[in-house]
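Chemist: Task: produce atomic coordinates for the following.
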Amino acid sequence: MRILVTGGTGFVGSHIVQAAMSKGHDVVVLARNGAKVGDVFAALGAPEPDIVVGDATNAADVATAVNGCDAVVHAAAVVAMGRHDSDSAHDNNTVAGQCVLSAASAAGCAPIIHVSSVSVLGLSDDPMTVDSPLRKAASGYSRSKSDLEVFARGMQAAGAPVVTTYPAGVFGPNAPSLTPVHTAAQTWLRAAPVLPSGINIVDVRDLAAFVAERRIPALFVESSVSPRSIEAVLAAINARGFAAKIGGSLFSDALGDAKSGADTYETMILHNVNTMVEALGGGSVPGSPS
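Modeler: Okay, here's the model as predicted:
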């Protein structure tokens, strides 16, 4: 299959190109700077795809690029978070998206993959799905994604083979340049304390399933942390038909006051152990304060 990829010198697009070529597909990249293509794929250790030099906002350039292709992946987008770039990002992204999707449909390509963003979907307490309502975005980048989403869904309703994917913030190696997500991560890591064990993250659904399957009766809240995160886990556990509870508060980064019986490191450790053992169905620990 011959595939046109727009945005092929960007972070997401370059990895799409590499993955497609590794599966044996012929790939053509529409790029404004043909010289950049060689640099990007040399850094990836990947062969250089075919190149059409042009702009995704130019209908003639897109028509040239899509000629002879069987499928299209539209991954090109100007990611601009600053207000001063807002209007240009919106205009560029909507015009380019409409131009590429329309040309691909006119050329009979299938599938036509539209790389959208999870930011187009509205936030609510319900799980996010492709049926979630679209969000009313204010900024140029998010608004361009939302407007293009409406256009893509209109094409789908008309029978065009448009398939949309909704990535969130994308991390990974070999970015041709730092993305806003990489920059945000760097800023956060510089500002946030990182323990020798690293930063450990778990999906609440996996944690809830683990607790429910093993029928663990209690979870615990650290005294320095809001209980809201544990309450969210309990709600997910209860939804799986098992009733767990908060077994008590554990002292972590700070000792308790004199009335708590956990105002020294020794009594704090005894308090924590005793709280966990009793809530999990054991007896009192010898030496615990009465």
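Chemist: Please count neighbours and contacts with C-alpha atoms only from this point.
Modeler: Noted.
Chemist: need the helices for this protein, in chain order.
Modeler: 11-22, 34-44, 59-66, 86-106, 140-157, 180-191, 204-214, 228-238, 265-279 (DSSP state H).
Chemist: How about Val95: what's its closest non-neighbour residue?
Modeler: Nearest non-adjacent residue to Val95, counting by CA to CA, 6 or more residues apart in numbering: Thr57, 5.7 Å away.
Chemist: residues touching the one you found, list them.
Modeler: Asn92, Val95, Ala96, Gly97, Cys99, Val100 (CA atoms under 8 Å, 6 or more residues apart in numbering).
Chemist: Try it again at 10 Å.
Modeler: Asp91, Asn92, Asn93, Thr94, Val95, Ala96, Gly97, Gln98, Cys99, Val100 (CA atoms under 10 Å, 6 or more residues apart in numbering).
Chemist: same thing with Val40?
Modeler: Val40 neighbours (CA under 10 Å, 6+ apart): Gly8, Thr9, Gly10, Phe11, Ser14, Ala46, Glu48, Asn174, Ala175, Pro176, Ser177.
Chemist: That one and Thr165, how far apart?
Modeler: Distance of Val40 to Thr165, computed by CA to CA, to the nearest Å: 24 Å.
Chemist: swap in Val221?
Modeler: 37 Å.
Chemist: These two: which is more packed in?
Modeler: Shown here are Val221 and Thr165; by other CA atoms under 10 Å, Val221 has more neighbours (19 against 12).
Chemist: Touching, the more buried one and Leu234? I think so.
Modeler: No: taking contacts as CA atoms under 10 Å, Val221 lies outside contact range of Leu234: 11.7 Å.
Chemist: just to revisit the earlier point, just give me the closest of the contacts of Thr57 to Ser260.
Modeler: Ranked by distance to Ser260 (CA to CA), these are led by Asn93 at 58.7 Å.
Chemist: and the closest one, how many neighbours?
Modeler: Neighbours of Asn93 using other CA under 10 Å come to 25.
Chemist: hang on, isn't it packed against Leu148?
Modeler: Yes: because the distance of 7.8 Å satisfies CA under 10 Å, Asn93 is recorded as touching Leu148.
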